[in-house]
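Enquirer: got a predicted model here, sequence first, then my questions.
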Amino acid sequence: MNPNPKLKGQSALVTGANSGIGLAVAVALANDGANVVVNYVTHPEVADDVVKQIENNGGNAVAIKADVSNEAEVHTMFQQMYDKYGTIDILVNNAGIQKDSSFENMSLADWQLVLNVNLTGQFLCAREAVREFLRRGIVKERSIAAGKIICISSVHEVIPWAGHVNYATSKGGINMMMKSMSQELAPKKIRINSIGPGAIQTPINKQAWETKEALDSLLTLIPYGRIGQPEDIGKAAVWLASDESDYVNGTTLFVDGGMLLYPGFSTNG
């Protein structure tokens, strides 16, 4: 654990925290002093392993199962969190899925599933967190803000993505939801921002990096010349959750190795 923790005494909920980016964020927040809820919907044994990893590092964590697209389950998860930690200071809206296909072959079910988890799930969790932030108000001993929400978005809130219309649409929706929430809630000292990862080496995009050929192709899109690691997002999340970023509000922090720099134009297009 960090000897000078930025998040000491605060409680954080990370959705989809039993793999990939969510796991790294949960571990990073705990290493900086936060009590962490590791949300999961499948593979409870993996979520328990994340909790053990955090505890072995000297942190505090608990695993709670909930489908973020289900309003009743979200409500129950927050109540379980309050029973354990009393309140919430930080929400990291990370849970997300992909169901890829060509547009003409995309089923309504796959369209709705991705929007329900990636966008509606963030709405449901954010709404519960905001209600608690407003009820409790600022606790100066823990944070300058009444509460912090970090929405995990993607470079695809900006970059169109053929073959992934449902996913890109969900991320574009997260961008405008985050900005609109921030505009409304900033006067109440609730900070809401997003992190927009680029290519991160996680199971969700394994086909993009698991072979040398695939990785080499991917790296042509990344000026910095390496694929991102989940820990890169964890570090950004700690900063956005801390008072060090208190004047950062309603923005997306892209952690992408320069993917948004349109590398195809580096040689005049």
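Expert: Looks like it came in fine.
Enquirer: would you map the strands across the stretch 151-269 of the chain?
Expert: When assigned using DSSP state E, counting those that start in this stretch, the strands of the stretch 151-269 of the chain occupy the ranges 190-197, 252-255.
Enquirer: now mean neighbour count and mean pLDDT too, for those, in JSON lines please.
Expert: C-betas here are computed from N, CA, C, even on glycine. As requested, the strands of the stretch 151-269 of the chain are exported to JSON lines (neighbours: other C-beta atoms under 10 Å; pLDDT from 0 to 100):
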{"stretch": "strand 190-197", "mean neighbour count": "26", "mean pLDDT": "98"}
{"stretch": "strand 252-255", "mean neighbour count": "20", "mean pLDDT": "98"}
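Enquirer: now those as TSV including distance to residue 55?
Expert: Putting the strands of the stretch 151-269 of the chain into TSV (distance: least, C-beta to C-beta, whole Å) gives the following:
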stretch	distance to residue 55
strand 190-197	25
strand 252-255	27
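Enquirer: hang on, residue 36 packs against residue 14?
Expert: Yes. Between residue 36 and residue 14 there is a contact under C-beta atoms under 8 Å: 6.3 Å.
Enquirer: okay, these two: which has more neighbours?
Expert: The neighbour count for residue 36 versus residue 14, taken as other C-beta atoms under 10 Å, is higher for residue 14 (34 against 31).
Enquirer: now do stretch 85-96: distance from first to last residue.
Expert: 25 Å (C-alpha to C-alpha, to the nearest Å).
Enquirer: meant to ask about stretch 199-218, not that
Expert: The first-to-last residue distance of stretch 199-218 comes to 8 Å (C-alpha to C-alpha).
Enquirer: next, the buried residues of it.
Expert: Taking 16 or more other C-beta atoms under 10 Å as the basis for neighbour counts, the residues of stretch 199-218 that come out buried are 199-202, 205, 208-209, 218.
Enquirer: what's the closest of those residues to residue 49?
Expert: Of all those, residue 49 sits closest to residue 202, with 16.3 Å by C-beta to C-beta.
Enquirer: for the spatially closest residue to the closest one that is not a sequence neighbour, which residues are in contact?
Expert: Of all residues beyond its chain neighbours, the one nearest residue 202 is residue 20 (3.5 Å), with distances taken as C-beta to C-beta, 6 or more residues apart in numbering. Residues counted as contacts of residue 20 (C-beta atoms under 8 Å, 6 or more residues apart in numbering) are 200, 202-204, 230.
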